[in-house]
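Peer 1: predicted model, plus sequence, below.
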Amino acid sequence: MVQEFDVIVVGAGHAGAEAALAAARLGKKQPFSQYHWII
């Protein structure tokens, strides 16, 4: 299965969240993935 996205935001910090929100408001299709590293 191939999926196409308009925007891919790397990073879920403040800037990444703001970028994802701005893209969503513009109607851009974007994936959501968040990884948690435990050391």
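Peer 2: Structure received.

Peer 1: all helices of this structure, in order?
Peer 2: Taking DSSP state H as the criterion, the chain contains helices spanning 14-25.

Peer 1: so how far is residue 20 from residue 28?
Peer 2: Distance, residue 28 to residue 20, by C-beta to C-beta, to the nearest Å: 9 Å. (Each C-beta comes from the backbone N, C-alpha and C, glycine too.)

Peer 1: whoops, residue 27 was the one
Peer 2: 13 Å.

Peer 1: ok, the two, which is more surrounded?
Peer 2: residue 20 (19 against 7; other C-beta atoms under 10 Å).

Peer 1: contact partners for the residue positioned nearest the centre of the chain?
Peer 2: For the chain, the residue nearest the mean C-alpha position is residue 9 (3.9 Å; C-alpha atoms, centre = their mean). Going by C-beta atoms under 8 Å, 6 or more residues apart in numbering, residue 9 touches 16, 19, 20, 23, 30.

Peer 1: quick one: which of the residues you listed is most hemmed in?
Peer 2: residue 20 (19 neighbours).

Peer 1: not counting its neighbours along the chain, what's nearest it?
Peer 2: Leaving aside its sequence neighbours, residue 20 sits nearest to residue 9 (C-beta to C-beta, 6 or more residues apart in numbering; 4.6 Å).

Peer 1: and the one you found, what's its pLDDT?
Peer 2: For residue 9, the pLDDT comes out at 86.
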